[in-house]
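> Build the 3D model from these lines:
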Amino acid sequence: MAIGPKGEIWIVECKSSRIDFASDSKWHHYLPYCDRFFWAVDQEFPTELLPDDTGLIIADAFDGLVTRYGPTTPLAGARRKMLTQKFARNAAERLLGLTDPRPAAKF
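Next comes the predicted model:
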């Protein structure tokens, strides 16, 4: 998950191969939880397999480039608030885990 430049919720699904994509039947369940959905694949991935109505990021070990933006499907305000708060909480717990060897307290 990511927070986009305008505060929108993005989900980026990374796929490593044709088989990885073909075996994934759950990605469409993520759509109600984001404003934009993207696939992140490497330059060798057969992008014609990916649905045209989703975003596309071509990436390598060092960088990524958004080559296609899928449609925006705005979240309801209450869902956006809940997801943004969960995102922030998880980010804070992960950061705390890097700087404090004790287990992070659950909120």
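
> can you confirm W10 is in a strand?
Yes. Checked against DSSP: H, G, I helix; E, B strand; the rest coil, W10 lies within a strand.

> Could you list the low-pLDDT ranges of this protein?
Scanning the chain with the threshold set as pLDDT under 70 gives 103-107.

> Can I get stretch 30-45 in CSV, CA atoms only?
The C-alpha trace of stretch 30-45 is given here as CSV (Å, rounded to 0.1, in the frame of the first residue of the first chain):
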residue,chain,number,x,y,z
TYR,A,30,-8.2,-5.4,-3.0
LEU,A,31,-10.0,-3.0,-5.3
PRO,A,32,-12.7,-1.8,-2.7
TYR,A,33,-9.8,-0.7,-0.5
CYS,A,34,-7.9,1.6,-2.8
ASP,A,35,-8.4,4.7,-5.0
ARG,A,36,-5.9,3.3,-7.5
PHE,A,37,-4.6,-0.2,-8.2
PHE,A,38,-1.2,-0.9,-9.9
TRP,A,39,0.8,-3.9,-11.0
ALA,A,40,4.6,-3.7,-10.5
VAL,A,41,6.5,-5.9,-12.8
ASP,A,42,10.0,-6.0,-14.4
GLN,A,43,10.8,-5.2,-18.0
GLU,A,44,10.6,-8.9,-19.0
PHE,A,45,7.1,-9.4,-17.7
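
> can you map out the helices along this structure?
Shown for the chain, the helices assigned by DSSP state H span residues 18-22, 77-99.

> how about those helices, which one is nearest E48?
Nearest to E48, of all these, is helix 18-22, at 10.5 Å by CB to CB. Where C-beta positions appear, they are placed from N, C-alpha and C, glycine not excepted.
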